[in-house]
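**Q** Fold the stuff below for me.
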Amino acid sequence: MTRTKGGSATPVTIRNIESSDAIRLADADGNGLVSNYGLLGVIRAEHYQIHTGNHFFAGDIDEDVDIASPKEWLIIAPPSKAAHILATVHSTKNGKIEVFEGPTTTDNGTAVPAFNNDRRGGGPTAATLQIFYDPTVTDDGTLLLPQVVGDDSSSGKGSGGLSEAESELIINESTKYLIKYTSNSDNNRVSIDVDWYEVGG
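**A** Residues are numbered from 1 along each chain as shown. Sure thing, here's the model as predicted:
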């Protein structure tokens with residue numbers, strides 16, 4: 001008896017061996033997945049999505065963020081796929097990060113290019129999640145996460161730091177998300193790195 005889970009190109013097959021009740025794990029070509037040492041090699045789910053061509057990354061940097069003008073990025077979730085996302089914000093001085101769901105915008109801002117993690121070309125898909133910087137926001141939406149970035153110092157400016165999510169966020173389809181960095185001092189350098197994969201659709 002054979003049971004298959006996964007796509008037709010790389011299924012995982014579990015089947016009875018004729019002479020025993022043991023099970024054998026094999027790929028689509030019948031090659032055993034267990035090594036000679038009796039070990040089954042596995043990779044994390046997000047790593048697997050890189051190999052399937054569904055993992056993407058994007059980044060942006062602002063060399064001069066001031067107290068009066070917070071840095072904002074807008075993320076628009078795909079309309080028919082589940083996007084699993086992680087974002088990291090770095091700064092050279094201290095401030096705070098806020099993540100909002102469902103902001104209202106009159107202009108989405110300037111698009112940030114997204115790239116597939118599989119750089120070999122000839123087949124990797126394009127991202128459907130969209131990222132923009134400096135949107136025009138009339139309402140922030142629902143606050144999901146506030147976080148302090150960096151620490152304080154006697155100079156009043158503080159040192160920089162990073163805000164890094166420990167768990168991925170599965171964002172709602174066709175929904176806007178706002179990431180806002182508010183600096184505690186002028187002339188702050190701030191960057192964002194966004195990693196995600198898209199499944200379904």
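
**Q** who does the host helix or strand of residue 49 touch, helix- and strand-wise?
**A** Using DSSP states H and E, residue 49 maps to helix 45-51. Applying 3 or more Cβ pairs under 8 Å, 6 or more residues apart in numbering; DSSP states H and E, one finds that helix 45-51 contacts strand 188-199. For every residue, glycine as well, the C-beta is placed using N, CA and C.

**Q** strand partners of the strand it packs on, parallel vs antiparallel please.
**A** Sheet pairing of strand 188-199 (DSSP bridges) gives strand 55-65 (antiparallel), strand 82-91 (antiparallel).

**Q** What average pLDDT does that strand get?
**A** For strand 188-199, mean pLDDT is 94.

**Q** can you list the weak-confidence ranges in this protein?
**A** 1-29, 32-41, 122-124, 152-166, 201 (pLDDT under 70).

**Q** Residue ranges of each domain in the protein, please.
**A** Per automatic domain parsing, the domain ranges recorded for the chain read 1-42, 47-199.

**Q** Comparing those domains, which comes out most buried?
**A** domain 47-199 (a mean of 17; mean count of other Cβ atoms under 10 Å).

**Q** start to end distance for it?
**A** 13 Å (Cα to Cα, to the nearest Å).

**Q** what are the C-alpha coordinates of stretch 48-56, in CSV please?
**A** Coordinates of the C-alpha atoms in stretch 48-56 are reproduced here as CSV (Å, rounded to 0.1, in the frame of the first residue of the first chain):
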residue,chain,number,x,y,z
TYR,A,48,11.6,24.2,2.3
GLN,A,49,9.7,27.1,0.8
ILE,A,50,13.0,28.5,-0.6
HIS,A,51,13.5,25.3,-2.5
THR,A,52,10.0,25.4,-3.9
GLY,A,53,10.5,28.9,-5.1
ASN,A,54,7.9,30.5,-2.8
HIS,A,55,10.3,32.4,-0.4
PHE,A,56,11.0,36.2,-0.9
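
**Q** Which residues does that stretch contact?
**A** 43, 46, 114-118, 123-125, 127, 129, 195-199 (Cβ atoms under 8 Å, 6 or more residues apart in numbering).

**Q** where's that stretch relative to the chain centroid, distance-wise?
**A** Chain-centre distance of stretch 48-56: 12 Å, with Cα atoms, centre = their mean, to the nearest Å.

**Q** do the same with stretch 133-141
**A** Using Cα atoms, centre = their mean, the offset of stretch 133-141 from its chain centre is 21 Å.

**Q** Quick one: end-to-end length of it, please.
**A** 17 Å.
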